[in-house]
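**Student:** Take a look and give me a structure for this.
(chains A, B, C and D)
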Number of protein chains: 2
Amino acid sequence: MSTSNASGPLTPERILEAAEETLRRFGPAKTTVVDVARALGVSHGSVYRHFPTKADLRDAVVDRWLQRMHPWLSAVAQGEGAAAERVRLVLWTLAEMKWTQSQNDPEFFTAFAELAEEARTPVVAHVDFVVAQLTKVIAEGVARGEIASADPRATALAVFDATAKFHNPAARSEWVRPAIDEAFANVWTLLRDGLLPRPPAV
Amino acid sequence: MSTSNASGPLTPERILEAAEETLRRFGPAKTTVVDVARALGVSHGSVYRHFPTKADLRDAVVDRWLQRMHPWLSAVAQGEGAAAERVRLVLWTLAEMKWTQSQNDPEFFTAFAELAEEARTPVVAHVDFVVAQLTKVIAEGVARGEIASADPRATALAVFDATAKFHNPAARSEWVRPAIDEAFANVWTLLRDGLLPRPPAV
DNA sequence: CGAATGACAAAACTTGAAATCTGTCAGCTG
DNA sequence: CAGCTGACAGATTTCAAGTTTTGTCATTCG
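**Tutor:** Model prediction:
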């Protein structure tokens, strides 16, 4: 019996699509490779032809999820306006996207946050991407005299770490509005004052 | 048969001592109220006379553990020197005490970190204490013209939140030395520059 | 001949019956 | 009689047997 699927050859992309859908429906605890294969109308052996282990498949799904945010972050990083304001926007966008997802679909977000805890590699790549965007904006701000920093990458890491509470899914239990907006505003006030160049002492 | 214990009447303090010791030996998952009672040579009914539920006993142990840090934090908060430096010292001491414990006795620290995740009330009290210390130092700095802040409590919360990565046990997996010392230094540079008053623009 | 299958062994999970634990309280004991 | 005990009911956890899942690979299919 051939359960052959309408949509062409089996590709990593089609598997990832089906895996994310299955994860969404059953949750990370209940999703098996056989479930994913069934959603595609193939045997589980075929899935293993493209992803050597279940952990690799899971990491690839997490990677896809994280990378979907990247265009939005690039956009605000490359926008117009003062460098400090663009740093704020990158951090805010990063946090806001996660808050929104976590509020709109808590189960899905929790599922992905749990997966992300295990999936070191894609998370490291995501952090690297965000820090690279911040570094670019800060370096530009330094060049224009809008931001004071001896080492733009160190400063980028510092603002990223200092706002961890707002974008790290591990802290999601504290994302209660409106308290979290206020906390972000308070932290940002301090960071912005730390970024701005000081006029030479009199 | 009386397994009567040498040391006087059963007090909450003696129970907490035994509970902490038992938790340390068996871990939070394997510790039962019966174990604690056995360590004291009493029946578990006697423990329930002093703590209405196991959760209350656990919270009291966590509370004791967190409060043991308080004298050290008060000491640096009340020390001499510039206000900003004392803010740094409070945050550093808070982080350092946790890093040290987590390195010296990882199992014990993990156990307590897990307990703390469930024990809302003592954790809130601990955060309140630390923020109160920071608020005092910042308010003093503002009075002396050493620190710029429109609202010392908001600023205290901001520096506390901005350093969450360094003192929140939930982030303990990232406490790898020496990377974490450097990350702290970078964040602090930014926060300090945000705290210092700016000379009036020319 | 490359892509896919499905039978298979080992590992990881599920299940439910037995054991243990929590929290109560009537009664004992010093 | 104040403080403690231990039997007890209901909730939770353990453990071993049974089931499912992962990952491999010889074989089949187009």
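**Student:** who's in contact with the residue most central in space within chain A?
**Tutor:** Central residue of chain A (CA atoms, centre = their mean): residue A:66, 4.0 Å from the mean position. Counting by CB atoms under 8 Å, 6 or more residues apart in numbering or on different chains, residue A:66 touches A:116, A:122, A:123, A:125, A:126. For the C-beta atoms, the positions are set from N, CA and C on the backbone; glycine is no exception.
**Student:** Next one: the helix or strand containing it, is it in contact with DNA strand D?
**Tutor:** According to DSSP states H and E, residue A:66 maps onto helix A:54-67. Yes: against DNA strand D, helix A:54-67 shows contacts by CB under 7 Å from any atom of the strand at A:54, A:55.
**Student:** Dump the following helix or strand past that helix to CSV, restricted to CA.
**Tutor:** As assigned by DSSP H and E, the chain's next helix or strand after helix A:54-67 is helix A:70-78. Output in CSV follows, covering the C-alpha atoms of helix A:70-78 (Å, rounded to 0.1, in the frame of the first residue of the first chain):
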residue,chain,number,x,y,z
HIS,A,70,15.8,37.7,12.4
PRO,A,71,14.4,39.7,9.5
TRP,A,72,12.5,41.9,12.0
LEU,A,73,15.6,42.5,14.1
SER,A,74,17.7,43.4,11.0
ALA,A,75,15.0,45.8,9.9
VAL,A,76,15.0,47.8,13.1
ALA,A,77,18.8,47.6,13.4
GLN,A,78,19.2,49.1,9.9
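**Student:** Give me the longest helix you can find in chain A.
**Tutor:** Ordering each helix of chain A by length in residues (DSSP state H) puts helix A:120-143 first.
**Student:** How far away from the center of its chain is the lowest-mean-pLDDT helix or strand in chain A?
**Tutor:** The helix or strand of chain A with the poorest confidence is helix A:106-118; it has a mean of 87 (mean pLDDT, DSSP states H and E). Centroid separation for helix A:106-118 versus its chain: 12 Å, with CA atoms, centre = their mean, to the nearest Å.
**Student:** I'd say residue A:58 and residue A:114 touch.
**Tutor:** No: using CB atoms under 8 Å as the test, residue A:58 is too far from residue A:114 to be in contact (10.4 Å).
**Student:** in chain A, which segments are predicted with low confidence?
**Tutor:** A:1-7, A:200-202 (pLDDT under 70).
**Student:** for the closest residue to DNA strand C within chain A, helix, strand, or coil?
**Tutor:** As assessed by CB to the nearest atom of the strand, DNA strand C sits closest to residue A:45 within chain A, at 2.3 Å. Under DSSP: H, G, I helix; E, B strand; the rest coil, residue A:45 falls in the helix class.
**Student:** What of residue A:8?
**Tutor:** coil.
**Student:** Burial check on it, number of neighbours?
**Tutor:** 7 (other CB atoms under 10 Å in any protein chain shown).
**Student:** Residue A:55 too?
**Tutor:** Residue A:55 has 11 nearby residues by other CB under 10 Å.
**Student:** Leaving out the residues flanking it, which one is nearest to residue A:21?
**Tutor:** residue A:39 (6.5 Å; CB to CB, 6 or more residues apart in numbering or on different chains).
**Student:** is chain B contacted by stretch A:108-126?
**Tutor:** No: between stretch A:108-126 and chain B, judged by CB under 8 Å from any CB of the partner chain, nothing touches; the nearest distance is 9.0 Å.
**Student:** Of all the residues in that stretch, which ones are buried?
**Tutor:** A:108, A:109, A:111, A:112, A:113, A:115, A:116, A:119, A:122, A:123, A:126 (16 or more other CB atoms under 10 Å in any protein chain shown).
**Student:** before we move on, what about stretch A:28-40?
**Tutor:** So, applying 16+ other CB under 10 Å, buried residues of stretch A:28-40: A:28, A:31, A:33, A:35, A:36, A:37, A:39, A:40.
**Student:** Also stretch A:73-82?
**Tutor:** Buried, per 16+ other CB under 10 Å, within stretch A:73-82: A:73, A:76, A:77.
**Student:** how deep is the residue nearest to the last one when sequence neighbours are not counted tucked in, by neighbour count?
**Tutor:** In space, residue A:77 comes closest to residue A:133 once its chain neighbours are excluded; the distance is 4.3 Å by CB to CB, 6+ apart. Burial of residue A:133, expressed as a neighbour count using other CB under 10 Å, amounts to 22.
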